[in-house]
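*Asks:* Quick one: sequence and predicted model below, then my questions.
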Amino acid sequence: MSPPAPPRGRGSRLNPDNRFTEWQRSACDDGWADAAAPAGESNIGPTTTLILDQARSVIVRNQSPDVPFTQSINPYRGCEHGCSYCFARPGHAYLGLSPGLDFETKIVWKPDAPEILRRELAAPGYRCSPIALGISTDGWQPVERRLGLSRGLLEVLAETRHPVSIVTKSALIERDVDLLADMARDGLVQVMFSITTLDPPLARKLEPRAASPARRLAAMETLHRAGVPVGVLFAPLIPALNDHELERVLSAAREAGADTAGFVLLRLPHELKALFEDWLHSHFPDRANHVLSLLRQLRGGRLNDSRFGHRMRGQGVYAELYRQRMQKICRRLQLNSNRRPLNTEAFRPPARGPQLNLF
């Protein structure tokens with residue numbers, strides 16, 4: 001039985017059981033597929049469901065040598081953007097949910113995250129280090145428009161003068177330009193926009209509910225004019241699909257005010273391998289096998305390589321070609337020439353109770 005077309009506004013057409021279940025379901029044709037929905041309604045997308053997360057902490061710490069931060073906060077688990085390639089999809093398995101459609105439609109959120117963050121920053125043993133906000137899943141995804149959770153976290157960080165780095169592909173971040181501009185004056189913020197392509201039809205397939213590429217560039221320019229340091233992430237780089245746009249995307253971002261840039265090779269951990277392969281055969285059957293072949297060449301014969309030092313860039317001739325292209329375009333555009341670390345000296349812990357601080 002062939003899978004149906006992706007629901008309107010969603011990225012995946014599959015909803016496989018997660019890898020921790022004791023049994024797995026498989027689809028079969030019972031002859032009722034054509035009568036499953038009324039005429040004209042067969043492709044109506046599922047609605048988004050919110051699930052409360054009663055978290056005791058919000059700051060996650062890591063020691064990965066591949067990422068430039070040791071602390072991060074993810075206000076949401078799951079993402080409505082529906083990016084077919086999102087490396088965070090397999091994380092839904094830990095919630096007993098599917099990395100497919102569940103990841104896009106069942107969003108877990110922490111309503112008391114700002115209060116928990118305030119408590120963690122006030123802990124006597126806390127040592128200030130930049131926090132990456134919304135790294136696994138986008139903190140400014142569509143549901144943020146009505147929940148305002150990332151805005152609440154940003155308000156706590158601004159109040160305590162705590163440095164923060166942000167990665168987003170949403171134009172909604174323009175809403176928070178007042179906080180970001182205030183923090184930028186003390187060197188407390190860096191905003192990176194993830195731009196995978198400048199081709200609207202391709203973007204609509206890759207990331208169906210994210211802001212259009214042109215809209216992201218406009219948001220980048222808005223923040224830049226407000227004095228907020230902005231950059232661009234060409235992530236993920238997908239061979240034979242969007243790799244030819246590397247120079248074009250970085251040039252457009254530079255015109256919009258970006259002064260830093262980076263790229264990440266497509267990563268396909270766990271269930272994401274099958275999900276992305278299905279998406280690829282669904283949307284680009286003419287080149288799917290070629291894309292997968294190049295990925296295997298970049299990953300030592302496999303579709304994924306989780307080793308530190310290899311998972312972000314790959315290995316071999318193509319990996320070296322991408323590295324040289326990135327180096328040359330950054331040099332020509334003068335990107336990454338004046339990187340400054342975020343300021344940790346301005347941090348002032350919040351009060352631990354109603355009593356005022358002595359010093």
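*Replies:* Here it is on my side, so go on.

*Asks:* Check the offset of the lengthiest strand in the chain from the chain's centre.
*Replies:* When the chain is parsed with DSSP state E, its longest strand is strand 230-237. Mean-position distance between strand 230-237 and its chain equals 10 Å (C-alpha atoms, centre = their mean, to the nearest Å).

*Asks:* Counting by contacts, list what whichever helix in the chain runs longest packs against.
*Replies:* Longest helix in the chain, counting residues (DSSP state H): helix 317-333. Helix 317-333 is packed against helix 246-255, strand 260-265, helix 288-298, with contacts defined by 3 or more C-beta pairs under 8 Å, 6 or more residues apart in numbering; DSSP states H and E. Heads up, the C-betas are built off the backbone N, CA and C, glycines and all.

*Asks:* can I assume residue 278 is in contact with residue 15?
*Replies:* No: applying C-beta atoms under 8 Å as the test, residue 278 and residue 15 come out as separate, 11.3 Å apart.

*Asks:* hang on, the earlier thing: for the longest strand of the chain, C-alpha coordinates in PDB please.
*Replies:* Extracted C-alpha coordinates of strand 230-237, given in PDB (Å, rounded to 0.1, in the frame of the first residue of the first chain):
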ATOM      1  CA  VAL A 230      22.500  38.600  12.700                       C
ATOM      2  CA  GLY A 231      23.900  35.700  10.800                       C
ATOM      3  CA  VAL A 232      22.800  33.000   8.400                       C
ATOM      4  CA  LEU A 233      22.900  29.200   8.700                       C
ATOM      5  CA  PHE A 234      22.700  27.200   5.400                       C
ATOM      6  CA  ALA A 235      21.300  24.200   7.200                       C
ATOM      7  CA  PRO A 236      21.000  21.600   6.100                       C
ATOM      8  CA  LEU A 237      23.100  21.400   3.000                       C
END
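
*Asks:* Show me what that strand pairs with in its sheet, parallel or antiparallel.
*Replies:* Strand partners for strand 230-237, identified by DSSP bridges, are recorded as strand 189-194 (parallel), strand 260-265 (parallel).

*Asks:* can you put those in CSV and add distance to residue 103?
*Replies:* Listed next are the strands paired with strand 230-237 as CSV, based on distance: least, C-beta to C-beta, whole Å:
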stretch, distance to residue 103
strand 189-194, 17
strand 260-265, 19
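
*Asks:* Deepest-packed of those strands, please.
*Replies:* Mean neighbours per residue, mean count of other C-beta atoms under 10 Å, is largest over these for strand 189-194, with a mean of 24.

*Asks:* what does the helix or strand just after that one contact?
*Replies:* Scanning forward in sequence from strand 189-194 by DSSP states H and E, the next helix or strand is helix 200-206. For helix 200-206, the surrounding residues in contact (C-beta atoms under 8 Å, 6 or more residues apart in numbering) are 11, 83-85, 196-197, 210, 212-214, 241-242, 283.

*Asks:* Tell me, how many residues neighbour residue 267?
*Replies:* 22 (other C-beta atoms under 10 Å).

*Asks:* Kindly report the same for residue 198.
*Replies:* Neighbours of residue 198 (other C-beta under 10 Å): 19.

*Asks:* Need the strands paired with strand 230-237 in a markdown table (columns: distance to residue 110 and mean pLDDT).
*Replies:* Converted to a markdown table, the strands paired with strand 230-237 look like this (distance: least, C-beta to C-beta, whole Å; pLDDT from 0 to 100):
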| stretch | distance to residue 110 | mean pLDDT |
| --- | --- | --- |
| strand 189-194 | 21 | 98 |
| strand 260-265 | 26 | 96 |
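
*Asks:* Strands of the protein, residue ranges please.
*Replies:* 49-52, 60-61, 71-73, 76-77, 106-109, 131-133, 164-168, 189-194, 230-237, 260-265.

*Asks:* Export those strands as CSV, with columns for distance to residue 100.
*Replies:* What follows is the strands of the chain, written out as CSV (distance: least, C-beta to C-beta, whole Å):
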stretch, distance to residue 100
strand 49-52, 15
strand 60-61, 24
strand 71-73, 24
strand 76-77, 15
strand 106-109, 11
strand 131-133, 26
strand 164-168, 23
strand 189-194, 21
strand 230-237, 18
strand 260-265, 22
